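> Sequence and predicted structure, then a few things I'm wondering about:
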Amino acid sequence: MPFISSRSLRIAVVAVSLAMLGACGSVRSTGDKAVGVLTPYKIDIVQGNVVTREQLAVLRVGMPRAIAQDVLGTPLLTSVFHADRWDYVFTLKRQGSEPQARKVTVFFAGDTISRIEADELPSETEFVSTLRGKVATGPIPPLTASEESLKKFPAPKRDSGAAATSPSTGATGTAYPPLEPSGL
């Protein structure tokens with residue numbers, strides 16, 4: 001039996017221990033990935049009043065309360081104790097991303113806006129782009145039909161008075177009745 005030094009035995013034990021700890025870490029990360037795949041789908045939750053940069057740009061100090069409500073909509077929070085304050089709160093929770101929260105507070109002096117406090121707001125196009133899911137990309141299939149496939153369908157019936165020739169192209173098409181009576 002060969003002689004094993006205590007130093008080489010210690011190195012071997014440390015190496016085996018490190019290998020086992022490394023294996024535990026990879027098993028755990030694999031388990032986390034499996035659990036992530038098996039979690040149920042969670043719908044996007046949109047709550048509150050969406051206020052965009054464009055809406056906020058319309059508001060001005062001194063503007064009447066009724067016009068502010070026309071621009072922003074009904075406030076999410078109003079208080080009996082703070083009748084001169086409207087709070088517009090918006091939250092968006094999506095699976096796989098951090099929840100977003102935005103707040104706009106409008107203060108009134110009497111019946112007019114005295115000041116406005118707002119978080120950084122998205123533009124309308126930025127907000128709409130966050131709501132869209134992943135769009136399937138790829139080539140768009142051609143939308144053409146061969147003559148053979150079109151022969152399967154019956155030809156449309158035309159009245160003799162319904163066909164009209166377009167003056168600009170000379171093509172024959174269907175004439176439609178006017179949308180409004182001509183006697184008005």
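That came in fine, so what should we check first?
> tell me the mean pLDDT for stretch 100-112?
Averaging pLDDT along stretch 100-112 yields 92.
> Oops, could you answer that again for stretch 153-166 instead?
For stretch 153-166, mean pLDDT rounds to 60.
> how close does Asp111 sit to Val51?
21 Å (Cβ to Cβ, to the nearest Å). For the C-beta atoms, the positions are set from N, CA and C on the backbone; glycine is no exception.
> where's Ile67, which helix or strand?
Assigned by DSSP states H and E, Ile67 falls within helix 65-72.
> other SSEs contacting that helix?
Secondary-structure packing of helix 65-72 (3 or more Cβ pairs under 8 Å, 6 or more residues apart in numbering; DSSP states H and E): helix 53-58, strand 85-93, strand 100-109, strand 112-118.
> quick one on the thing from earlier: comparing Asp111 and Val51, which shows the higher neighbour count?
Val51 (24 against 11; other Cβ atoms under 10 Å).
> Helices of the chain, start to end?
Taking DSSP state H to define them, one finds helices in the chain at 6-38, 53-58, 65-72, 124-131, 147-150.
> List the buried residues of the third one.
Read that as helix 65-72. If you call a residue buried by 16 or more other Cβ atoms under 10 Å, then helix 65-72 has these buried ones: 68, 72.
> what sits up against it?
Residues outside helix 65-72 that contact it (Cβ atoms under 8 Å, 6 or more residues apart in numbering) are 49, 51, 55, 58-59, 75, 86, 88, 104, 106, 108, 111-113.
> Sketch out the low-pLDDT regions of the protein for me.
Low-confidence regions of the chain, defined by pLDDT under 70, span residues 1-4, 21-39, 132-137, 157-174, 182-184.
> what residue lies at the spatial centre of it?
Against the mean C-alpha coordinate of the chain, by Cα atoms, centre = their mean, the closest residue is Leu131 at 0.4 Å.
> Quick check: the gap between that residue and Ala19.
48 Å.
> and the closest residue to Pro99 other than its chain neighbours, what does it touch?
Leaving out its chain neighbours, the residue that sits closest to Pro99 by Cβ to Cβ, 6 or more residues apart in numbering is Lys93, at 4.6 Å. Going by Cβ under 8 Å, 6+ apart, Lys93 touches 44-45, 99-100.
> Which strand residues bridge Lys93?
Lys93 forms beta bridges with Ile45, as assigned by DSSP bridges.
> From Ser129, how far off is it?
Applying Cβ to Cβ, the value for Lys93 to Ser129 is 17 Å.
> next one: Ala155
Going from Ala155 to Ser129 by Cβ to Cβ gives 45 Å.
> Neighbour count: the two, which is higher?
Comparing Ala155 with Ser129 by neighbour count (other Cβ under 10 Å), the higher total belongs to Ser129, at 10 against 7.
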